[in-house]
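Undergrad: only geometry, no sequence info:
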Ligand code: UDX
């Protein structure tokens, strides 16, 4: 009989996972407490931008293999394997992760389970949570449900979510029994048969893989951004530096992109929650370096504001600033902790007139930052601008013709916060081009 899979929480991770499971051939029921989200997904609409996801969602809604509900009883009755994919946002005013959605998902599901049921956590949680949730599950699930917990972290990147779900680099199974491992191997059989490595470990190690992967990636980015600060002090070029470092296979070229630094819904909050958790465990000294990683990252945003102010003649009053990019990275409409909007907001607060354009994230940006002005094209944003800031490296911006683009601006000055534009091209068209960590012309 085909496995029946449920996915609890249909945000970024859950919606993608539900579609991925349907693509693997399972009957899938997704649950969310948000009625509007369930209505949108049931109608084949993905409530955020992710390349390729909407097509696959429509395909599986059409095939009848994928449905959505708000009813935990229906989910409990339907599924053999239940994935918990709800969010763990940063708590207000502190670094720690807010576990209330994960706790509530497990508590709402448990009484409705029928056996044998495997509940699989995928959310990014403070290490130690799985052990606690396993006890809760045992308390609340009916005795004959034979309910078990497993931890199976998810590593998908926004913009590549479908690919990362169907063709992950690795699968990590945190389990306490052979039967849970066997169940997970069954669920992921098509992916494992394609050669994907599987690491089987205890709960705590599985939880740690996710946060330590994000800590490592953040550290790599802040490392190269620290080098950018030194480059700025000495007139060296961080782009050439990272290219050369990347040729060393032990270092690798990925995540050495110097610029405005990292943002989004994962890296910043995950390193902070990791530090908070290490503190609770008495291991805070082990992660003090992450404070520095965070600080380097935030300094890049201030540096961009300083550069923009300098280009505006020392102050923003009466100056128009065009901002290209609002999403935290290209191919996403996600603006959570977006470095681009943070810079735009700081300039606005200091008296600048900021107009923002983004190919996909404008609606989200308007809701979150209503005081900023928005434009429907890069050209409209740049009209009358004293300086243009390139803050999210969408392909559309790389393809701009600097000569034509310069026709409406007040001054041809561009600051490349992502080191993604070609300096020679822009300078040849009469622009003053400046970037983070690179020498002036
Ligand atoms: C990240 C992890 O990559 C993923 O494995 C995890 O599951 C969730 O968090 P995501 O948030 O989608 O994924 O974005 P990612 O592509 O990792 O980029 C994060 C941030 O780092 C972006 O703001 C990006 O602009 C920035 N970045 C990335 C750099 O500044 N330089 C780089 O070289 C790479």
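TA: Cool, got the structure. As the structure is a computational prediction, the values presented were derived from the model and not from experiment.
Undergrad: quick one: residue 244 and residue 419, what's the gap?
TA: 15 Å (C-beta to C-beta, to the nearest Å). (Glycine included, C-beta is placed from N, CA and C.)
Undergrad: those two: which is more packed in?
TA: A direct count of neighbours by other C-beta atoms under 10 Å for residue 244 and residue 419 places residue 419 higher, at 21 against 11.
Undergrad: check the more buried one and give its pLDDT.
TA: Residue 419 is assigned 98 on the pLDDT scale.
Undergrad: one more: residue 25?
TA: 95.
Undergrad: ok, residue 136 touching residue 110?
TA: Yes: under the criterion of C-beta atoms under 8 Å, residue 136 makes contact with residue 110 at 7.2 Å.
Undergrad: which residue of these two possesses the greater neighbour count?
TA: residue 110 (23 against 14).
Undergrad: which residues touch the more buried one?
TA: 119, 136-137, 139-141, 147 (C-beta atoms under 8 Å, 6 or more residues apart in numbering).
Undergrad: give me the subset of those residues lying in helices.
TA: 136-137, 139-140 (DSSP state H).
Undergrad: filter these to the buried ones?
TA: Neighbour counting by 16 or more other C-beta atoms under 10 Å classes 137, 140 among the ones in helices among the contacts of residue 110 as buried.
Undergrad: pick the one among the ones in helices among the contacts of residue 110 closest to residue 277.
TA: residue 136 (18.5 Å; C-beta to C-beta).
Undergrad: can you tell me the element the closest residue to that closest one other than its chain neighbours falls in?
TA: Excluding its sequence neighbours, the residue lying closest to residue 136 (C-beta to C-beta, 6 or more residues apart in numbering) is residue 106, at 5.8 Å. Using DSSP states H and E, residue 106 sits in helix 100-109.
Undergrad: how about residues contacting that helix?
TA: 8-9, 72, 75-76, 82, 84, 86-88, 119, 121, 123, 125, 129, 133, 136-137, 140.
Undergrad: pLDDT on it, on average?
TA: Mean predicted lDDT for helix 100-109 stands at 98.
Undergrad: give me the buried positions along it.
TA: 101-102, 105-106, 108-109.
Undergrad: could you do stretch 203-221 as well?
TA: So for stretch 203-221, counting by 16+ other C-beta under 10 Å, buried means 203, 206-211, 213-215, 217-221.
Undergrad: residue boundaries of the helices in the stretch 301-441 of the chain?
TA: Assigned by DSSP state H, counting those that start in this stretch, the stretch 301-441 of the chain shows helices spanning 339-349, 362-368, 378-382, 395-398, 402-405, 423-428.
Undergrad: most tightly packed of these?
TA: Ranked by average neighbour count under the criterion mean count of other C-beta atoms under 10 Å, those are headed by helix 339-349 at a mean of 23.
Undergrad: where does the protein come near the ligand, residue by residue?
TA: Contacts of the chain with the ligand, taken as C-beta under 6 Å from any ligand atom, map to 155-158, 214, 217, 221, 255-257, 259, 261-264, 266-267, 328-329.
Undergrad: what subset of these is buried?
TA: By 16+ other C-beta under 10 Å, the residues of the chain next to the ligand give 155-156, 158, 214, 217, 221, 255-257, 259, 261-264, 266-267, 328-329 as buried.
Undergrad: correct me if wrong: residue 275 contacts residue 289.
TA: No: between residue 275 and residue 289 there is no contact under C-beta under 8 Å: 9.7 Å.
Undergrad: between these two, tell me which one has more neighbours.
TA: residue 275 (23 against 13).
Undergrad: who does whatever helix or strand residue 6 lives in touch, helix- and strand-wise?
TA: Assigned by DSSP H and E, residue 6 belongs to strand 4-8. With contacts defined as 3 or more C-beta pairs under 8 Å, 6 or more residues apart in numbering; DSSP states H and E, strand 4-8 has these neighbours: helix 12-23, strand 27-31, helix 72-78, strand 81-84.
Undergrad: identify the residues contacting that strand?
TA: Residues contacting strand 4-8 (C-beta under 8 Å, 6+ apart): 14, 17-18, 21, 26-32, 75, 78-86, 105, 109, 187.
Undergrad: tell me what angle it forms with helix 12-23.
TA: With axes from the mean of the first three to the mean of the last three C-alpha atoms, to 10 degrees as the basis, strand 4-8 and helix 12-23 are set at 170 degrees to each other.
Undergrad: and the angle from strand 4-8 to strand 27-31?
TA: 20 degrees.
Undergrad: quick one: strand 4-8 to helix 100-109, angle?
TA: 140 degrees.
Undergrad: gap between strand 4-8 and the chain center?
TA: 23 Å (C-alpha atoms, centre = their mean, to the nearest Å).
Undergrad: name the surrounding residues that touch stretch 383-392.
TA: By C-beta under 8 Å, 6+ apart, stretch 383-392 touches 260, 304, 308, 311-312, 319-330, 338-340, 343-344, 355, 358, 375, 381-382, 397, 408-411, 413-418, 420-421.
Undergrad: make a ChimeraX selection of whichever of those turn out to be buried.
TA: Buried residues among these (16+ other C-beta under 10 Å), as a ChimeraX selection:
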select :260,304,308,311,312,319,320,321,322,323,324,325,326,327,328,329,330,338,339,340,343,344,355,358,375,381,382,397,409,411,413,414,415,416,417,418,420,421
